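Visitor: I'll drop the sequence and a predicted model, then ask my questions.
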Amino acid sequence: MNSPGLASPVDAVDHSRGPAGAPVTLVEYGDYQCPYCGQVYAVLENLVDRAGDRMRFVFRHFPLVDIHPHARPAALAAEAAADADQFWVMHEVLYSHQDRLTEDDLAGYAERLGLPDAGAIGYRARDHRERVQRDLASGEASGVPGTPALFLNGRLYRGPVELDSLTEAVRTTPAG
């Protein structure tokens, strides 16, 4: 049986790390309040380091708002940080503080990062709702079953989400 495919190709709007021309692109659909995403965060950081120029890592928002009420405000905070070229810094902060994602917490993180409008964070970051919704819609169209969901070169990865298995999958995935 074929794995579901990525409905929206990676583009310049996506948050990515690694060379655009890397032979493997790993896309994660994640939720900042999801405990499983929090566990996978460290694995993916190690994978990015281990894979080097062989892999491009892309993060897309998939806030599961019915079970994680702080996921959407956290995604909006990450997008507000992206305006100041601090997406990946805020990404790390949010996953490092998953148990503290209230509006006040988010505003505090923004202030510590020196974001220009630290008070307009979380739900107040209305300018970013469309961006988060774009990611969510692309995940739904791609058949994302939950978070974290990983796609390697456009195909849903169904293997173990641990460093050695992912490293092997990146190593053996045909160039995309």
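Guide: Cool, the structure landed.

Visitor: Residue 96: how many residues sit nearby?
Guide: Close neighbours of residue 96, defined as other CB atoms under 10 Å, add up to 13. Using the backbone N, CA and C atoms, a C-beta is placed for each residue, glycine as well.

Visitor: State the phi and psi torsions of it.
Guide: Recorded main-chain torsions at residue 96 are phi -80, psi -20, according to degrees, to the nearest 10.

Visitor: swap in the one 4 residues further on?
Guide: Dihedral angles phi and psi of residue 100 (degrees, to the nearest 10) take the values phi -140, psi 80.

Visitor: ditto for residue 108
Guide: Residue 108 has phi and psi values of phi -60, psi -40 when expressed as degrees, to the nearest 10.

Visitor: And it, how close does it get to residue 91?
Guide: The gap separating residue 108 from residue 91 is 16 Å, by CB to CB, to the nearest Å.

Visitor: repeat for residue 137
Guide: Per CB to CB, residue 137 is found 21 Å from residue 91.

Visitor: And these two? Which one has more around it.
Guide: Remark: of residue 137 and residue 91, residue 91 carries more neighbours, 22 against 12, as counted by other CB under 10 Å.

Visitor: quick one: the strands in the protein?
Guide: Taking DSSP state E as the criterion, the chain contains strands spanning 15-17, 24-30, 55-61, 149-152, 155-156.
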